[in-house]
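Asker: Sequence unavailable; structure follows:
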């Protein structure tokens with residue numbers, strides 16, 4: 001009698017089930033880590049933006065760069081999954097970073113102002129929190 005080589009259908013089904021279970025565990029964990037790294041990236045960019053705004057104020061005695069327009073900080077955010085909005089006046093500013101849907105960060109918003117007050121909102125939080133939430137699952141500042 002010849003020896004059979006190969007796999008039976010049962011063996012293939014067992015491999016498929018094990019691979020499916022591993023994928024169900026790994027994919028959400030992986031996407032959570034990606035979101036967490038993107039959040040760290042944008043909060044770092046916002047902190048750098050605050051420093052640049054303070055440098056502008058120290059040079060110009062205003063947050064405006066030419067008396068009527070805010071500094072362009074989009075270069076800090078070009079490689080992030082967020083877009084930046086800069087609102088400023090002579091004595092105040094607010095930097096707002098909103099997540100883009102193309103990079104799966106839709107619903108994430110982070111802000112900082114001239115006083116260093118931080119707020120954030122994620123898809124899992126109903127109202128803005130008075131801190132920067134560091135992950136998708138974090139729901140409060142404590």
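Answerer: Cool, got the structure. The structure displayed is predicted, hence computed values, not measured ones.

Asker: quick one: the strands in the chain?
Answerer: 82-88, 93-99, 109-113, 118-121 (DSSP state E).

Asker: Let's have those in CSV, adding distance to residue 73.
Answerer: For glycine as for every other residue, the C-beta is placed from the backbone atoms N, C-alpha and C. As requested, those are exported to CSV (distance: least, CB to CB, whole Å):
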stretch, distance to residue 73
strand 82-88, 6
strand 93-99, 7
strand 109-113, 11
strand 118-121, 16
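
Asker: Where does pLDDT dip in this protein?
Answerer: Flagging of the chain using pLDDT under 70 yields the residue ranges 1.

Asker: Out of the strands of the chain, the one nearest residue 18 is which?
Answerer: strand 93-99 (34.6 Å; CB to CB).

Asker: in stretch 83-93, what counts as buried?
Answerer: 84, 86, 88, 93 (16 or more other CB atoms under 10 Å).

Asker: before we move on, what about stretch 69-82?
Answerer: 70, 71, 73, 76, 77, 80, 81, 82.

Asker: cool, stretch 10-18 as well?
Answerer: Using 16+ other CB under 10 Å, none of the residues of stretch 10-18 count as buried.
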